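Student: Curious how this folds, go ahead:
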Amino acid sequence: MDTMPLSTTDDDDVLRVSEPLQQTVPLVFASPHSGRNYPAEFIAQSRLDARMLRRSEDSFVDELYAGVVDRGAPLISALFPRAYCDPNREPYELDPAMFSDDLPDYANTRSPRVLAGLGTIARVVASGAEIYASRLKVAEAELRIERCYRPYHRRLHQLLETTRKVFGWSLLVDCHSMPSVGGPLDRDSGLSRVDVVLGDCFSAACSPLFTQVAEDAFGHLGYRVVRNAPYAGGFTTRHYGQPRQGSHALQIELNRALYMDESDHSHGLRFDQVRGDLDRVAEALAAAALEFTQG
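Tutor: This next block holds a predicted model:
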C-alpha cells in the first residue's frame, strides 16, 4: 500500500482527526465510541471499576480503521469514553432519574435510548450495570455536552461540509463494534450475532449502492452480514444521512469477537487480519464513490 502524507490534530484530548494532506475521495470515517480517556473524577463518581466501565466501549475501532487515511479519507475519533458522554445521541437525551435537579424543558427524556439507560449521559453500561453511586447535577451533564459532545459534532460537520464543497456530496461511514452476544438491554438478548451489521436506516440514510458495495465487500472476504438488525443506525446516521441533500451515511457494526478478547479488552489473534479486511472494504467504498453521481 502506498502511504500518503497525513496530518493529525487533537482538540484538547477530546477528539483526534487524522487527514491525508489531500482528500481524494468523498468519504469521511468516524469512530465515536472508541475513546478510552476516562477522567479520574468520572471513575470516582462511578460505582463500577474501570474494567466494567469499558463494557460500553467500541475498543480499538479507531485503530482498525486507521488505514482509511491512506485511501485519501479523513478519520475522526472521539477520545472521551461513551460511558462518559455519547456523541451518537441527540445532545440532550437525558434521564431525569439520574439528576438531583430539574432538566431543561428541551431535554428529550422519553426516547427509547433514555428509557434503556443509554442516553447522552448513560445511566448504565452495555451489560446493564448502573454506573453511578449517586445522582448527578444537571450542570455536570451540561459540562460534558459542551466539553465533549459539541466539539465532536462541530468538527465532524466541518469535515462533511468541506467534503461536499470539494466533491459535491459526501458519504459518512460511522464505525462501531458490537458485543458478540446480545446484551440484556438488546432486542437480541442472549443470542449470538453475525459478523457485520450494516445500518442505513432501512435505505433512508444513504444510496442503496453503498450499502450493497459494503455488503458485497464483506461477503467476498467471508464475513456474515445482515442489514439493519439489531442496529439500523444511530443518531449520527439519521442526522447526517440526508441523501437528497448530498449527505449519505452508513453505519458499520463489527462483531468484537472477530478482533479482540472481550473479557480483558485486548487485541485478538485476528486483529491484523480484520484491520486489513476493513481496509479492503474502505477501498471498495472509495472506488464506488469515485464513480457515483449525486442525483
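
Student: Next, the buried residues of the lengthiest helix in the chain.
Tutor: For the chain, the helix reaching the highest residue count under DSSP state H is reported as helix 271-291. Along helix 271-291, these residues count as buried under the neighbour rule (16 or more other CB atoms under 10 Å): 271, 274-275, 277-279, 281-286, 288-289. All C-beta atoms are positioned from the backbone trio N, CA, C, and that covers glycine.

Student: what about Ala83, how many neighbours?
Tutor: 25 (other CB atoms under 10 Å).

Student: Now do the same contact list for it.
Tutor: The neighbours of Ala83, taking CB atoms under 8 Å, 6 or more residues apart in numbering as the test, are Phe42, Leu53, Arg54, Ser56, Glu57, Ala122, Val125, Ile131.

Student: what do you get for Arg193?
Tutor: Here Arg193 is in contact with Met178, Pro179, Ser180, Val181, Gly182, Pro230, Asn255 (criterion: CB under 8 Å, 6+ apart).

Student: what would those look like in TSV with distance to Ser100 and pLDDT?
Tutor: Conversion of these to TSV gives the following (distance: CB to CB, whole Å; pLDDT from 0 to 100):
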residue	distance to Ser100	pLDDT
Met178	33	95
Pro179	32	94
Ser180	37	93
Val181	35	90
Gly182	33	79
Pro230	34	93
Asn255	39	98
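
Student: about what we covered before: now the longest helix of the chain: mean pLDDT?
Tutor: Averaging pLDDT along helix 271-291 gives 97.

Student: The host helix or strand of Pro151 to helix 271-291, inter-axis angle?
Tutor: Secondary structure assignment for Pro151, by DSSP states H and E: helix 150-167. Inter-element angle recorded for helix 150-167 and helix 271-291: 50 degrees (by axes from the mean of the first three to the mean of the last three CA atoms, to 10 degrees).

Student: Gly234 reaches Glu90, doesn't it?
Tutor: No. Counting by CB atoms under 8 Å, Gly234 does not reach Glu90; the two are 10.1 Å apart.

Student: That concludes my questions; thank you for your assistance.
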